[in-house]
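> Sharing a model that was predicted from the sequence below.
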Amino acid sequence: MFGWEPLRGARRDWSRSDWQSVIRAYVSSPVRLDLIEKLTGSMRVLIIDDEANIRKTTVVALEGMGHETAQAENSAAALKQLEAAHFDVAFLDLKLNNESGMELLPRLLKNNPDLDIVVFTAYASIENAVEAMSAGAVDYIPKPFTPEQIRQVLGKIVHRRKLEGRLAELESRLSANSPTTDLATTEPAVQKVYDMALKAAGTPATIMILGESGTGKTVLARAIHENSPQKENSFVTVSCPSLSRELLESELFGHVKGAFTGATAETWGKVSLADGGTLFLDEIGDLPLEIQPKLLRLLQEREYERVGEAKTRKADVRVVAASNRNLESAVKEGRFREDLYYRLNVISLRLPSLRERQSDLPGIARNYLRFFSRQCGKPIEGFSIAAEQLMHNYRWPGNLRELRNVVERAVILAGEKWIEPADLPDNLSRSVEPGGGPEPQVGAQVSLEELEKQHLRAVLARTTSMEAAAQILGIDPATLYRKRKKLGL
C-alpha cells in the first residue's frame with residue numbers, strides 16, 4: 001500500500017524516475033500506525049469497480065466503519081454519481097472491463113477537484129503506482145485487501161485533511177487584518193473568569209460566555225478551544241443573528257440538493273465541519289425558536305439531520321455559546337427554551353466590560369497601537385498624557401471593539417510620534433465623568449478630594465507630560481505620580 005504522506009510536496013510534473021524513487025522509499029518502510037488518527041465523523045465514498053463481489057465487500061467494510069457508500073461499475077455510472085452528489089473519497093479499480101481506470105481518474109478529479117482517489121487493483125506494481133500517483137491518486141491498495149487496509153487509508157486521508165484545515169486556519173489568523181489579543185490582565189475579576197475558562201477547557205462541558213458586545217467573547221471562546229483536547233481539530237463559528245431561519249438551519253446542519261428553492265447542491269453544514277472540534281455559537285440569544293429543539297438534540301444526543309434528509313447523523317462537537325442578551329429574561333418571555341438554556345449554561349462565564357477593567361485599558365490600547373503603527377508604517381511611540389486621560393475618562397460603550405477602532409483612527413491621523421487629543425474622536429473629549437454627573441464647581445457641596453481630583457484631571461488633559469503638569473501645579477513629578485495613583489487617575 002502506498003500512502004500520500006511522503007508525497008505531500010510532490011509535483012505532477014515530476015519525471016517517472018522521481019516518482020519511482022519516492023514510492024520505492026515509501027514501500028520499503030513500514031506503515032506507521034501511530035500516525036493514523038482515530039477516524040471521526042462519516043464520509044461519503046464512491047466505489048468504482050466492475051466486479052460486483054468487490055463492490056459488495058468494500059461496501060460492507062466501509063459501512064461497518066460508519067461511512068456512506070455508492071457504487072458504480074463503469075466510468076459513465078461513476079461520472080453520473082459525481083454529478084448527482086458530493087463524495088469525499090473514491091475507490092477506483094484500474095481495470096473496468098474494457099475501460100481504463102487510469103483514464104477515468106483525471107476526469108473524476110476534473111469533476112470534483114477535492115475528491116481523494118484511492119486506486120486498487122489486482123495488477124499491483126511500481127509502474128502502476130507511479131502512473132496513479134502522478135495522475136493525482138492519494139493512495140494505492142493491491143488486491144486482495146483487508147478491511148484494516150481500508151481503515152488505514154481513510155485514517156490517513158482524515159489526518160491529512162485535519163492538518164490542512166489546521167494550517168489554513170492558522171494562516172488565516174496570521175494574515176488577518178486585526179491585532180492579536182492575549183489574555184493578560186491586572187484585574188482580579190477578569191483573571192477569575194480566565195482561570196475558570198481554562199479549567200473548564202479541559203473538560204467536555206458546554207460553556208456559555210456572557211457579556212456586552214465587544215468584550216472579547218470570541219477571543220475567549222478560541223482560547224478555550226486552544227486549551228482543550230479538541231485543539232487539533234476545527235474551531236467553527238456560527239453567527240446566529242446573521243441569517244434568516246431557513247438559511248441559518250442550513251448553515252448549521254447542512255442540506256441535501258433540492259431541499260428548498262436555491263439548494264442546487266448539497267452542503268454538510270457547520271456541525272459536520274466542527275465534528276471532533278469546537279462549535280462556537282455567537283449571540284445564541286438570537287437563535288430562532290424553531291431551531292432550538294434541534295440544537296438541544298445535538299447537545300444531548302450528539303445527533304442531527306440535514307435539511308431535507310431523514311437520515312440521522314452523529315457529530316462529536318464541543319459547544320461554546322456566547323450572548324450579550326439576558327437569557328433568563330428571554331426564557332421568561334418565551335423567546336428561549338428553558339431546557340436549552342440549562343443545557344447551555346453548564347459553565348457560565350461573564351466577561352466584564354472595558355469600563356469595569358480600567359487598569360487593563362492602557363496595555364490593551366498600546367497593543368493596538370503597536371499593531372496599527374506597523375501596519376501604517378508610522379513610528380508612533382505612544383499616547384500623550386492628555387490623550388491617555390481622555391481615554392481613561394471615557395466609558396467605552398463599544399468596549400474592546402470601539403477601543404480598537406479609536407486607536408486605528410488615531411494612528412492614521414497622527415502627525416507626530418505621539419497620539420494627541422486632537423487625533424481622538426470628539427466624543428471622547430465630550431465624555432462625562434464615569435459616574436455620569438457634571439464636573440463639580442468651586443463652592444459646590446463636594447469634598448476637597450473630589451475638587452483636587454477634577455483639577456488634576458483638567459491640568460493633565462491640557463499638558464503633554466508629567467513634568468509640565470507638575471510645574472503648573474507647583475509640585476514635583478513624584479508627588480503628582482503619588483496623587484494620580486491615590487485618586488485613581
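The structure has been received and is ready for your questions. Numbering: from 1, shown residues only.
> Using the record's domain definitions, break this structure down for me.
5-164, 188-352, 357-487 (automatic domain parsing).
> distance between the ends of the second one?
Using Cα to Cα, to the nearest Å, the end-to-end distance of domain 188-352 comes to 11 Å.
> that older thread, rebuild the domains of the chain as CSV, extending it with mean pLDDT.
Output for the domains of the chain, formatted as CSV (pLDDT from 0 to 100):
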stretch, mean pLDDT
domain 5-164, 75
domain 188-352, 91
domain 357-487, 81
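> Those domains into CSV, with extra columns for mean neighbour count?
C-betas here are computed from N, CA, C, even on glycine. Listed next are these as CSV, based on neighbours: other Cβ atoms under 10 Å:
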stretch, mean neighbour count
domain 5-164, 17
domain 188-352, 18
domain 357-487, 16
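> all strands for the stretch 101-250 of the chain, in order.
Using DSSP state E, counting those that start in this stretch, the strands of the stretch 101-250 of the chain run over residues 116-121, 139-142, 207-210, 235-239.
> what's the closest of these to residue 225?
strand 235-239 (4.5 Å; Cβ to Cβ).
> Please report the distance of residue 324 from residue 288.
Distance, residue 324 to residue 288, using Cβ to Cβ, to the nearest Å: 17 Å.
> To clarify, my last question referred to residue 96.
Where residue 288 is concerned, residue 96 sits at a distance of 49 Å (Cβ to Cβ).
> same check, this time on residue 218
21 Å.
> what's the answer for residue 249, then?
8 Å.
> Tell me where the stretch 151-300 of the chain has helices.
Ranges of helices in the stretch 151-300 of the chain, per DSSP state H, counting those that start in this stretch, are 188-201, 217-226, 245-253, 269-273, 292-301.
> Now do the contacts for residue 109.
115, 117, 136 (Cβ atoms under 8 Å, 6 or more residues apart in numbering).
> ok, of those residues, which one's closest to residue 239?
residue 115 (30.2 Å).
> In contact with that closest one, which residues?
By Cβ under 8 Å, 6+ apart, residue 115 lies in contact with 82, 87, 88, 89, 90, 108, 109.
> Same check on residue 285?
So residue 285 contacts 240, 323, 324, 325, 327, 330, 336 (Cβ under 8 Å, 6+ apart).
> Return the set of residues that bridge with the second one.
On the basis of DSSP bridges, residue 323 takes part in beta bridges with residue 210.
> Surely it is in contact with residue 284?
Yes. Counting by Cβ atoms under 8 Å, residue 323 does reach residue 284; the two are 5.1 Å apart.
> Mind listing the shared neighbours of these two?
Joint contacts of residue 323 and residue 284 (Cβ under 8 Å, 6+ apart) are residue 208.
> Is residue 48 in contact with residue 99, as I believe?
No. Counting by Cβ under 8 Å, residue 48 stays clear of residue 99, with 10.0 Å between them.
> which residues are common contacts for those two?
residue 75.
> Return the residues in contact with residue 396.
Residue 396 touches 353, 354, 355, 361, 402, 403, counting by Cβ under 8 Å, 6+ apart.
> Those in helices, which ones?
Mapping the contacts of residue 396 onto helices (DSSP state H) picks out 361, 402, 403.
> Apart from its neighbours in sequence, what residue is nearest the second one?
Read that as residue 402. Nearest non-adjacent residue to residue 402, counting by Cβ to Cβ, 6 or more residues apart in numbering: residue 396, 5.7 Å away.
> what's the distance between that neighbour and residue 387?
With Cβ to Cβ as the criterion, residue 396 and residue 387 are 15 Å apart.
> circling back to that earlier point, wait, which of the contacts of residue 115 is closest to residue 485?
Nearest to residue 485 out of the contacts of residue 115 is residue 88 (Cβ to Cβ; 61.6 Å).
> so which of the helices of the stretch 151-300 of the chain gets nearest residue 131?
helix 269-273 (34.0 Å).
> Report the distance from that closest one to the chain centre.
Taking the mean of its C-alpha atoms, helix 269-273 sits 12 Å from the chain's own mean (Cα atoms, centre = their mean, to the nearest Å).
> Could you list every helix and strand in contact with it?
Contacts defined by 3 or more Cβ pairs under 8 Å, 6 or more residues apart in numbering; DSSP states H and E place helix 269-273 against strand 235-239, helix 245-253.
> So for residue 372, which of these sits nearest?
strand 235-239 (24.2 Å).
> Could you list the paired strands of that closest one along with their orientation?
Short version: by DSSP bridges, strand 235-239 pairs with strand 278-282 (parallel).
> Need the contact partners of the partner strand.
217-218, 221-222, 224-225, 228, 230, 233-240, 270-271, 287, 295, 317-322.
> tell me the secondary structure for the residue nearest to residue 402?
coil (DSSP: H, G, I helix; E, B strand; the rest coil).
> That one and residue 330, how far apart?
26 Å.
> next one: residue 139
For residue 139, the distance to residue 330 - Cβ to Cβ - is 50 Å.
> same thing with residue 298?
Taken as Cβ to Cβ, the span from residue 298 to residue 330 is 20 Å.
> still on that earlier bit, determine which of the helices of the stretch 151-300 of the chain approaches residue 481 most closely.
The nearest among the helices of the stretch 151-300 of the chain, by Cβ to Cβ, is helix 188-201 at 23.3 Å.
> The closest one - contacts with which helices or strands?
Packed next to helix 188-201, using 3+ Cβ pairs under 8 Å, 6+ apart, are helix 217-226, strand 347-350.
> what's in contact with that helix?
183, 185, 207, 220, 223-225, 227-228, 347, 349-352, 356-357, 360.
> Just want the angle from it to strand 278-282.
140 degrees (axes from the mean of the first three to the mean of the last three Cα atoms, to 10 degrees).
> Relative to the whole chain's centre, how far out is helix 188-201?
Distance, centroid of helix 188-201 to centroid of chain: 20 Å (Cα atoms, centre = their mean).
> do the same with stretch 473-489
Worked out by Cα atoms, centre = their mean, stretch 473-489 lies 45 Å from the chain centre.
> picking that back up, quick one: the helices and strands packed on helix 269-273 as JSON lines, columns for distance to residue 487 too.
Shown next, in JSON lines, are the helices and strands packed on helix 269-273 (distance: least, Cβ to Cβ, whole Å):
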{"stretch": "strand 235-239", "distance to residue 487": "42"}
{"stretch": "helix 245-253", "distance to residue 487": "50"}
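> Show me the one of the ones you listed that comes nearest residue 472.
Closest approach to residue 472 among the helices and strands packed on helix 269-273 is made by strand 235-239 (50.4 Å; Cβ to Cβ).
> residues in contact with that closest one?
169, 218, 221-222, 225, 248, 251-252, 270, 273-274, 277-283.
> Kindly recompute the last result at 7 Å.
169, 222, 225, 251-252, 270, 273-274, 277-283 (Cβ atoms under 7 Å, 6 or more residues apart in numbering).
> so what's residue 314 up against?
302, 303.
> what's the distance between the closest residue to residue 285 other than its chain neighbours and residue 245?
Excluding the flanking residues, the one nearest residue 285 by Cβ to Cβ, 6+ apart is residue 325, at 3.5 Å. In this view, residue 325 and residue 245 are 18 Å apart by Cβ to Cβ.
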